[in-house]
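Undergrad: Kindly generate the corresponding structure for this input.
(chains A, B and C)
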Amino acid sequence: MTPLDRSFFSRPTLEVAPDLLGAVLVHEHPDDGLLAGRIVETEAYTDDDPAMHGWKATFGTDGRVLPQGRAADLFAAPGTAYVYRVYRTNWLINVVTEPEGTAGAVLIRALEPLAGEEAMSARRAAARRQRDLTNGPGKLTQALDIAEPTFHGHDLTTPPLYIASDGFARGDIDTTSRIGLSRGVDRPWRFFLAGNRFVSPGVPSDVRVARKTRRQ
DNA sequence: TATATGATTGCCT
DNA sequence: GGCAATCATATAG
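TA: Got it, this is the predicted structure:
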């Protein structure tokens, strides 16, 4: 179980996102020991992406995200954690990609538990089935106890929180549009391991939009 | 200064 | 399948 090298993340976001499938997110927890899960679902967010944080400031200029507001942290060194909160208490974790100075990130959306399931269950009271522990971006941060700003800016190539490879041979990768968006709906930038039970249950945004349109 | 809106989850029918 | 929770951030005024 070796942490992935920084060079792995210093590549185009659209290459890193599918390549992360099958890797392992590890948290060496001070109280609960090893918490780990295999990454089974990711989404890519790029610097010319209308769904990217800070998109508004970019359009009409050079079409790219500027290092302003929270988007500034997307220009950090590759392998840096970008953790932020949506709605109430949902924290999402991204890995910054591309060389330092270029914006890009991969959202980790679902894990298959590998170690520390008991501790994960203790933190996920609402989970009725094993797969509910980590089959969503906000759920996995709860399960691995990274649901806080502590790890924002942390280097994910070093403990206590890192991404590693264990030589897992992954099968087919499926691709859809991303989930939960109102902009950038048509970009097919969600990647997941075909047939894996731990993939999140969300409906891709382009499908959702199509359904809504048909009803009206 | 004021308002609209989520890179979601969980509970309800 | 529908909808409320709930607040920081971004954007408008």
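Undergrad: The closest residue to DNA strand C within chain A - how many residues pack around it?
TA: Closest contact between chain A and DNA strand C, by CB to the nearest atom of the strand, is at A:Lys56 (2.4 Å). Quick note: C-beta positions are derived from backbone N, CA and C, even for glycine. A:Lys56: 15 surrounding residues under other CB atoms under 10 Å.
Undergrad: Okay, and it sits in which element?
TA: A:Lys56 belongs to helix A:55-58 when elements are defined using DSSP states H and E.
Undergrad: Following element in sequence after that helix, please.
TA: Next along the chain after helix A:55-58, taking DSSP H and E as the criterion, comes strand A:81-86.
Undergrad: the strands in chain A, which residues?
TA: Applying DSSP state E to chain A gives strands spanning A:2-3, A:24-29, A:33-46, A:81-86, A:90-96, A:104-115, A:161-165, A:173-176, A:190-193.
Undergrad: Who does the fifth one pair with, and is each partner parallel or antiparallel?
TA: I take that to be strand A:90-96. Next to strand A:90-96 in the sheet, as set by DSSP bridges, lie strand A:81-86 (antiparallel), strand A:104-115 (antiparallel).
Undergrad: so of those strands, which one's packed in deepest?
TA: Highest mean neighbour count of the strands paired with strand A:90-96: strand A:104-115, a mean of 24 (counted as mean count of other CB atoms under 10 Å).
Undergrad: Run the chain-centre distance for stretch A:84-92.
TA: Taking CA atoms, centre = their mean, to the nearest Å, one finds the center of stretch A:84-92 at 13 Å from the center of the full chain.
Undergrad: Who are the contact partners of the spatially closest residue to A:Pro159 that is not a sequence neighbour?
TA: Among residues not flanking A:Pro159 along the chain, A:Glu28 sits closest, at 5.1 Å (CB to CB, 6 or more residues apart in numbering). By CB atoms under 8 Å, 6 or more residues apart in numbering, the residues touching A:Glu28 are A:Leu34, A:Leu35, A:Pro159, A:Pro160, A:Leu161.
Undergrad: got a winner among these for most neighbours?
TA: Ranking those using other CB under 10 Å puts A:Leu35 first, with 25 neighbours.
Undergrad: Am I right that that one is in contact with A:Leu111?
TA: No: the criterion here is CB atoms under 8 Å, and A:Leu35 misses it with A:Leu111 at 9.9 Å.
Undergrad: Quick check: phi and psi on A:Asp47?
TA: When read as degrees, to the nearest 10, the backbone of A:Asp47 gives phi -80, psi -10.
Undergrad: For it, the count of nearby residues, please.
TA: So A:Asp47, with other CB under 10 Å, has 23 neighbours.
Undergrad: Next to DNA strand B, which bits of chain A? Give me the list.
TA: Selection of chain A residues close to DNA strand B by CB under 7 Å from any atom of the strand yields A:43, A:45, A:51-53, A:74, A:82, A:86-88, A:90, A:92, A:94, A:105, A:107, A:124, A:126-127, A:132, A:136-139, A:142, A:178-183, A:200, A:202.
Undergrad: re the thing from before, closest one to A:Arg64 among the strands of chain A?
TA: When these are compared by CB to CB, strand A:33-46 sits nearest A:Arg64, at 9.1 Å.
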